[in-house]
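K.L.:
next comes the sequence, and after it the predicted model I'd like to discuss.
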Protein chains: 2
Amino acid sequence: MKLATLKGGRDGRLAVVSDDLARAADASEVAATMQAAIDDWAAAAPALQELADSIDAGKAETFPFEPSECAAILPRAYQWVDASAYLSHVELVRKARGAEMPKNLYEDPLMYQGASDSMIGPGDDIALADEAWGIDMEAEVFVILDDVPMGVTREAAKSHIKLVGILNDVSLRNLIPAELGKGFGFLQGKPTTAFSPVVATPESLGAAWDGTKMTLDMEVSLNGEPLGRPNAGTDLYFDIPTLIAHAARSRRLAAGTILGTGTISNHDRAAGSACLAELRVIETIEHGEPRTPFMRFGDRVRIEMRDADGSSAFGAIDQRVVKYDNPA
Amino acid sequence: MKLATLKGGRDGRLAVVSDDLARAADASEVAATMQAAIDDWAAAAPALQELADSIDAGKAETFPFEPSECAAILPRAYQWVDASAYLSHVELVRKARGAEMPKNLYEDPLMYQGASDSMIGPGDDIALADEAWGIDMEAEVFVILDDVPMGVTREAAKSHIKLVGILNDVSLRNLIPAELGKGFGFLQGKPTTAFSPVVATPESLGAAWDGTKMTLDMEVSLNGEPLGRPNAGTDLYFDIPTLIAHAARSRRLAAGTILGTGTISNHDRAAGSACLAELRVIETIEHGEPRTPFMRFGDRVRIEMRDADGSSAFGAIDQRVVKYDNPA
C-alpha cells in the first residue's frame, strides 16, 4: 500500500496511490490526514489497504496521480529525528579534516533533532536567501512510526515502523561549521526538508525492505547529471530499529515521528555520493581542494529509488533551488 | 486573557481561565484545541477574549480551574526551539570548566531544536529510568508564535508573540557531555518538557511583560526549599524578538512554534539558581566540587512567577520525579 498527501490546507489531504503510481483515490473517508491515520493506525491501516485493493481491482473512484500536487507526507510533523548512520560518510568527512574518527561513533549513533514544523513536497522549490550558505542535498531513507514507548528495545522497535519513504535533507554547509561549533547542534544549517511523493508500508516493499533497512540504490542527480547511486542497504552501520531505540532511550516518541538514516554513503567509491559535501571531501582528498560547487539558484536536484524492474518505489523528489527575498 | 489546555485525548481541550486562575470556561466553541486557535489566531483571539470578558462579568458558564487537570498548553507541538540567552549561566558553566567564553556567543545566540512531540502538564510526573542520568530542572520563559516568515526582522518578530508562559526544560546532565561531544546537539539529554498551567497574552501581563521579555522573578524550589528567584528581565542577553529572528533566518516557523529563553540566571548570585547544574558549578568554583546532588526519585520541583501583588502569573509547575520501568 502506498500513501500520499495532496496539497490543501496546513495538513493536506490523504490519498491512497496505486502501486505503479499512476492513479490515486481520496482517502478522507478513512482519515482526513496522514497524522489522523497514524494516530489510529490499527484501525486506519486495514481500511486504507481495502481502498488500495479496490484501486488495484479497478473498483475505486480514482484520478491520475501527479507527484507535483503532493505536499510532504506530513506537511507539519510533531517530530523529525535524523541520524548519520552511514559511517563511510562520517569517516570521509573526518579524513578530509585530518581528524581521527572517534571510537564512540561506532557504538553510539549520531542523531539530531530536526525541524518538523513545515515540510515541503517532492516538487516544491528550495527557496533560500543566499547561495553563499552552501546549499546541498542529502538523500535519505525515512520511516514513520506509530507511538513508541520510552525505553523500547531494538527488537520491539521493529513493529513500530509503519511507513517508509525517501527525503531530501537540505543542508547549508557554510552555516554548519559555526553552528556545530557552538555545541547545540543544527538549527539554521538544516532548513526545510522535502519528501518523496509517496510512502509505502514495509510489507508492500517486498525484498526492497529487509525488515530493518531499504536495499535499493538511491539515485541522485544534479541538473540531469548523475551524482551517485549508493545502495541504502550497504554500509548502514546502525539499522533503523537500533536508531529508534536510541531516540526513545529517555522519552516516548509520539505517533507520526519521522526518523531518517542520514545521507546514504557506500565505502565503494564507484557508487558516487548522495550529497555534494561528500563529493567535495573526496575531491579535497584527491586534489587538495573541492572542485564541485554547492548548488546555485536555478539548479535542479532529483532523488529516486527504483526497484529491480525499474519501477519507482516512492516517486521522485525533483526540486529547483530558487532565491528567496527576505521580507522588509 | 489566560488560556489552558485540559487533559483529554492527544491534544487536550482548550479552556479560557480567569485572571485569578480560579475559574475556567470551555472554549471549544471557538477552537477545540490550542493548535486550532493559533492556526487561525486573528479570528480566534477576539472570540476567546470575548469569552474571557464574560467570565470576568460572571456571565459565562464556568467550573473551578484545577492546574492538576492541565496538560501542556500544546500537548504535542510542531516545534520547540530553546535558546540559552542568559549568558551569566553560560559564563559560569565555562568558568567551572576553566574554559574561555567564546566571543561569538555574545553575537550569535545559542539555540537548539528540542523535542516537541509529547509535552507534559504542570503536575505530571517526571518519569525516568535512571537517577544516574543526573536529573535536573531548568526554569524558563517561553512564547507561542503564530506563522513567522523566513528572514523576519527583530522588529517584525515582535508582532508574532501571541502567548507567554513558563516551562521546566528537564535536563539529564550526565548524558549531555557525551551527547554534545558528538557534535549534533541534545537528543537523549533533553527528555519531556513540562509547561505552566496557563499561558497569557502579552497585553494582559501589564508591566510584567515589557514587549521583549518577562520582568518577574522566577521562583524555583526543590522539596519546599527555595533554590533561586532570578529575575527574568535582568541579564537576558538576547531578547525574545532577537531569538525569533535567529530561529527564522533560513526557514519559516509554523504557527504554534514554542520558543524558550533558556534557564534564567542573574549575575547577582544572591538571586540563586533556576537549575541545579548552575548551583553545582558555583559550588565547584567555591569548594572545588559540587555539594548539591541532582534530583532523585521522590523529589519535587516547583516553579512559579508571581506578580507584584503576589498573584501567580501562569500558575505553578509542581512535579515529582519518579522511576520509569522500561518495557520488556
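P.N.:
Great, that's in hand. Residues are numbered from 1 along each chain as shown, chains lettered A, B, ... in the order given.
K.L.:
got phi/psi on the closest residue to chain B within the stretch 101-250 of chain A?
P.N.:
Closest to chain B within the stretch 101-250 of chain A is A:Gly185: 1.9 Å, counting by Cβ to the nearest Cβ. Yep, even glycine has a C-beta here, placed from its N, CA and C like the rest. When read as degrees, to the nearest 10, the backbone of A:Gly185 gives phi 90, psi -170.
K.L.:
ok, it touching B:Gly189?
P.N.:
No: between A:Gly185 and B:Gly189 there is no contact under Cβ atoms under 8 Å: 10.8 Å.
K.L.:
which of these two has more residues huddled nearby?
P.N.:
A:Gly185 (24 against 20; other Cβ atoms under 10 Å in any protein chain shown).
K.L.:
need the pLDDT of the more buried one.
P.N.:
For A:Gly185, the model assigns a pLDDT of 95.
K.L.:
not counting sequence-adjacent ones, nearest residue to it?
P.N.:
B:Gly185 (1.9 Å; Cβ to Cβ, 6 or more residues apart in numbering or on different chains).
K.L.:
quick one: the one you found from B:Arg13, how far?
P.N.:
As judged by Cβ to Cβ, to the nearest Å, B:Gly185 and B:Arg13 stand 34 Å apart.
K.L.:
what do you get for A:Asn104?
P.N.:
Taking Cβ to Cβ, one finds A:Asn104 at 45 Å from B:Arg13.
K.L.:
repeat that for A:Ala15.
P.N.:
Taken as Cβ to Cβ, the span from A:Ala15 to B:Arg13 is 30 Å.
K.L.:
same check, this time on A:Leu87
P.N.:
46 Å.
K.L.:
how about A:Gly134?
P.N.:
Distance from A:Gly134 to B:Arg13, by Cβ to Cβ: 46 Å.
K.L.:
same check on A:Arg23?
P.N.:
Taking Cβ to Cβ, one finds A:Arg23 at 40 Å from B:Arg13.
K.L.:
and for A:Val17?
P.N.:
Taking Cβ to Cβ, one finds A:Val17 at 35 Å from B:Arg13.
K.L.:
between those two, who's got more neighbours?
P.N.:
Counting neighbours by other Cβ under 10 Å for A:Val17 and for B:Arg13 shows that A:Val17 has the greater number, 28 against 18.
K.L.:
okay, which residue is most central for chain A?
P.N.:
In chain A, the centroid-proximal residue (Cα atoms, centre = their mean) is A:Leu167; its distance is 2.5 Å.
K.L.:
so it touches A:Val199, yeah?
P.N.:
No: counting by Cβ under 8 Å, A:Leu167 does not reach A:Val199; the two are 10.1 Å apart.
K.L.:
give me the contact list for the helix-or-strand element of chain A with minimal mean pLDDT.
P.N.:
The helix or strand of chain A with the poorest confidence is helix A:87-97; it has a mean of 86 (mean pLDDT, DSSP states H and E). Residues from elsewhere that reach helix A:87-97 (Cβ atoms under 8 Å, 6 or more residues apart in numbering or on different chains): A:84, A:100-101, A:105-106, A:110, A:235, A:237, A:262-263, A:265-267, A:275, A:277-278, A:281-282, A:284-285.
K.L.:
the same query, at a cut-off of 10 Å, please.
P.N.:
Applying Cβ atoms under 10 Å, 6 or more residues apart in numbering or on different chains, the set of residues contacting helix A:87-97 from outside is A:84, A:86, A:99-102, A:105-106, A:109-110, A:138, A:230, A:234-238, A:262-269, A:271, A:273-275, A:277-285, A:290.
K.L.:
what subset of those residues is buried?
P.N.:
With burial judged by 16 or more other Cβ atoms under 10 Å in any protein chain shown, the buried subset of these is A:84, A:86, A:105, A:109-110, A:138, A:230, A:234-238, A:262-266, A:271, A:273-275, A:277-284, A:290.
K.L.:
can you tell me the closest non-neighbouring residue to A:Ala15?
P.N.:
Per Cβ to Cβ, 6+ apart, closest to A:Ala15 is A:Ala24, 4.5 Å.
K.L.:
isn't there a strand covering the one you found?
P.N.:
Yes: counting by DSSP: H, G, I helix; E, B strand; the rest coil, A:Ala24 is found in a strand.
K.L.:
which residues does it bridge with?
P.N.:
Taking DSSP bridges as the rule, A:Ala24 bridges to A:Val17, A:Phe63.
K.L.:
give the contact list for it.
P.N.:
A:2-4, A:6, A:15-18, A:55, A:60, A:62-66, A:69-70, A:197-198.
K.L.:
residue in the stretch 201-328 of chain A nearest to chain B?
P.N.:
With Cβ to the nearest Cβ, the shortest gap between the stretch 201-328 of chain A and chain B falls at A:Asn326, namely 3.2 Å.
K.L.:
so that residue makes contact with B:Arg252?
P.N.:
No: applying Cβ atoms under 10 Å, one finds A:Asn326 not in contact with B:Arg252, separated by 11.4 Å.
K.L.:
could you pull out the strands for the stretch 1-150 of chain A?
P.N.:
A:2-6, A:13-17, A:23-26, A:63-64, A:80-83, A:111-114, A:126-128, A:135-136, A:139-145 (DSSP state E, counting those that start in this stretch).
K.L.:
thinking again about what came up before, from A:Ala77, how far off is the residue nearest to the centre of chain A?
P.N.:
For A:Leu167, the distance to A:Ala77 - Cβ to Cβ - is 11 Å.
K.L.:
same thing with A:Ala57?
P.N.:
32 Å.
K.L.:
higher neighbour count, those two?
P.N.:
Between A:Ala57 and A:Ala77, counted using other Cβ under 10 Å, the more crowded position is A:Ala77 (30 against 8).
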